[in-house]
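Trainee: Take a look and give me a structure for this.
(one chain, ligands or ions: 1)
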Amino acid sequence: MTDVAVAGGGLIGLAVAWRAARRGLSVTVVDDAPGTGASAAAAGMLAPVTEAGYREEPLLRLGLDSLARWPAFAAELEATAGTPVGLRTVGTLVAGFDEDDVRELDALHAFQRELGLAAHRLTPREARRREPALSTRVRGGLLVEGDHSVDGRAVHAALLAAGQATGVVLVRDRVAEVVADGGRAAGLRLASGDVVAAGATVLALGARSADVPGVPPLPVRPVKGQILRLAGAAGLLEGTVRALVRGRHVYLVPYAGDRLVVGATSEDRGFDPRVTAGGVHDLLHDAIDVVPEVSELELTETLARWRPGTPDNAPLLGPSSLPGLVLATGHHRNGVLLTPVTAEAVAELLAGGTLPEVAVSFGADRFESEPIGRTQWS
Ligand code: GLY
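Mentor: This next block holds a predicted model:
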């Protein structure tokens with residue numbers, strides 16, 4: 001019997017496990033292939049301001065809270081794991097490619113200012129002074145100095161090491177079922193048939209969270225993203241460049257060494273695993289329009305994974321309708337950003353019995369008046 005069983009060994013599951021173990025709980029994580037889902041695809045942007053959508057202010061506030069936790073979280077993680085996580089704190093530039101895109105940037109800037117967020121409009125020349133690799137065709141920019149990035153795969157590797165150093169047990173098997181006893185979650189049944197019996201069970205299975213037998217109905221659906229990795233980009237960009245290119249969104253995120261991530265499509269196609277010619281074409285076409293030198297880079301990896309989408313794009317955190325089953329899922333486009341706040345809030349609930357104020361409005365009960373079912377959101 002363990003204090004906590006965590007279903008899912010992606011960034012969220014491992015971070016919850018690590019923080020719960022730091023609070024003295026015994027923790028077992030179950031995953032047959034940890035870190036190969038959305039965590040492997042994530043570009044690692046810590047970008048609450050440039051990801052902010054209209055009518056998503058609660059999510060924005062949660063994102064800003066989590067962003068503020070990142071430096072201490074990264075420092076403790078690096079110290080415990082002994083490996084770097086690539087936190088880059090140089091800000092994000094949003095480029096507008098044509099005049100319509102710049103009008104969209106102006107609307108975004110007005111929205112950001114209304115919310116009191118720090119963002120500065122740049123002329124094309126100012127944008128290129130900041131990022132000399134930008135095309136001369138870019139018509140305008142917006143600088144958000146507070147939006148950063150981290151290397152999501154490095155964070156996952158560090159969480160594996162930090163969990164191990166803190167006593168987290170990792171069981172490499174597939175979660176087959178959340179088992180209940182007397183109307184209460186009692187742990188996880190594995191594909192092997194073994195049961196991990198637990199006082200509390202955490203659901204952190206990303207886009208697959210709603211599909212596990214024994215889990216009460218949840219409004220989580222897969223939102224497909226195709227994403228590319230390239231090499232040879234040393235010194236190409238100062239920080240993340242996001243762009244609107246003829247109304248389409250693309251982002252370019254540089255990493256230590258010479259790597260660059262270009263992403264990402266956003267598609268409602270269920271668990272379609274295909275990387276498509278059109279997806280790769282659109283991403284590269286738009287990225288090359290904004291930063292022409294991208295055409296000279298080596299394309300080293302293409303990947304399709306699924307964001308765990310929810311009806312309001314915000315996560316599901318805290319108690320579920322099944323007593324003993326705690327939710328840490330539904331992070332949609334913000335899994336890496338929201339890792340620290342999710343881990344710390346859920347660990348506090350597990351260890352102390354109370355979900356902190358910052359997370360209370362993200363319970364699954366906020367959708368209770370709406371019927372829940374895959375067809376509604378697809
Ligand atoms: N956060 C970026 C994405 O989901 O594509």
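
Trainee: Can you tell me which residue is spatially central in this protein?
Mentor: Within the chain, the residue whose C-alpha comes closest to the C-alpha centroid is Gly335; the distance, by CA atoms, centre = their mean, is 2.0 Å.

Trainee: Do I have it right that that one meets Ala41?
Mentor: No - here Gly335 does not reach Ala41: they are 9.8 Å apart, not a contact under CB atoms under 8 Å. Where you see a C-beta, it was placed from the backbone N, CA and C, and this is true even at glycine.

Trainee: What separation is there between Ala52 and Leu236?
Mentor: In this structure, Ala52 and Leu236 are 26 Å apart, going by CB to CB, to the nearest Å.

Trainee: Glu177: what's it in contact with?
Mentor: By CB atoms under 8 Å, 6 or more residues apart in numbering, the contact list for Glu177 reads 188-189, 212-214.

Trainee: out of those residues, who's nearest the ligand?
Mentor: Val212 (22.7 Å; CB to the nearest ligand atom).

Trainee: so who does that closest one touch?
Mentor: Applying CB under 8 Å, 6+ apart, one finds that Val212 lies in contact with 7, 175-178, 203, 205.

Trainee: Val171 now?
Mentor: Counting by CB under 8 Å, 6+ apart, the residues that Val171 touches are 28-31, 190, 196.

Trainee: one more time with 7 Å
Mentor: Going by CB atoms under 7 Å, 6 or more residues apart in numbering, Val171 touches 28-30, 190, 196.

Trainee: Pick out whichever of those sits closest to Met1.
Mentor: When those are compared for distance to Met1 (CB to CB), Val196 comes out closest, at 8.9 Å.

Trainee: Stretch 52-63 close to the ligand?
Mentor: No - with CB under 6 Å from any ligand atom as the criterion, the ligand is not reached by stretch 52-63; the gap is at least 10.6 Å.

Trainee: What helix or strand is the closest residue to Gly183 other than its chain neighbours located in?
Mentor: Taking CB to CB, 6 or more residues apart in numbering, and ignoring the residues beside it in sequence, Gly183 has Pro323 as its nearest neighbour in space, at 6.7 Å. Pro323 is located outside every helix and strand, with elements delineated by DSSP states H and E.

Trainee: and the protein, which residues reach the ligand?
Mentor: Taking CB under 6 Å from any ligand atom, the part of the chain that reaches the ligand is made up of 43, 45, 225, 263-264, 307, 333.

Trainee: Run through the residues that contact the residue nearest to the centre of the chain.
Mentor: When the contact criterion is CB under 7 Å, 6+ apart, the partners of Gly335 are 11-12, 38, 42.

Trainee: where exactly do the helices run in this protein?
Mentor: Read by DSSP state H, the chain holds these helices, from start to end of the chain: 11-22, 38-41, 48-51, 57-81, 99-114, 124-130, 152-165, 277-290, 339-352, 374-377.

Trainee: how about low-confidence regions in the stretch 251-378 of the chain?
Mentor: By pLDDT under 70, the low-scoring segments of the stretch 251-378 of the chain are 369-378.

Trainee: with the contacts of Gly335 in mind, which one is nearest to the ligand?
Mentor: Comparing the contacts of Gly335 against the ligand with CB to the nearest ligand atom places Ala42 closest, at 6.9 Å.

Trainee: phi, psi of the closest one?
Mentor: Backbone torsions for Ala42, taken as degrees, to the nearest 10, come to phi -50, psi 140.

Trainee: what about the residue nearest to it when sequence neighbours are not counted, how many neighbours?
Mentor: The spatial neighbour of Ala42 that comes closest, neighbours along the chain excluded (CB to CB, 6+ apart), is Gly152 at 4.1 Å. Applying the criterion other CB atoms under 10 Å, we find 27 residues in the vicinity of Gly152.

Trainee: and Gly152, what does it touch?
Mentor: For Gly152, the residues meeting the contact criterion (CB under 7 Å, 6+ apart) are 11, 39, 42, 44, 336.

Trainee: One more: Ser135?
Mentor: Residues near Ser135 by CB under 7 Å, 6+ apart: 289-292.

Trainee: From the ligand, how far off is it?
Mentor: Using CB to the nearest ligand atom, to the nearest Å, Ser135 is found at 22 Å from the ligand.

Trainee: re the thing from before, okay, the helices of the chain in TSV with distance to Leu87 next?
Mentor: What follows is the helices of the chain, written out as TSV (distance: least, CB to CB, whole Å):
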stretch	distance to Leu87
helix 11-22	14
helix 38-41	16
helix 48-51	15
helix 57-81	5
helix 99-114	23
helix 124-130	20
helix 152-165	9
helix 277-290	23
helix 339-352	11
helix 374-377	33
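
Trainee: mean pLDDT for those: which is lowest?
Mentor: When these are compared on average pLDDT, helix 374-377 comes out lowest at a mean of 34.

Trainee: Go through the helices of the chain and name the closest to Thr89.
Mentor: For Thr89, the closest of the helices of the chain is helix 57-81, at 7.7 Å, according to CB to CB.

Trainee: what does the closest one rub up against?
Mentor: Helix 57-81 is touched from outside by 46, 48, 52, 84-85, 87, 115, 150, 158-159, 161-162, 165-166, 313-314, 334, 337-338, 340-341, 344, 358, 361-362, with contacts defined as CB under 7 Å, 6+ apart.

Trainee: How about stretch 246-259?
Mentor: The set of residues external to stretch 246-259 that reach it, using CB under 7 Å, 6+ apart, is 43-45, 86, 97-98, 100-101, 149, 151, 229, 231-234, 236-237, 240-243, 260-263, 282-283, 286-287, 290-291.
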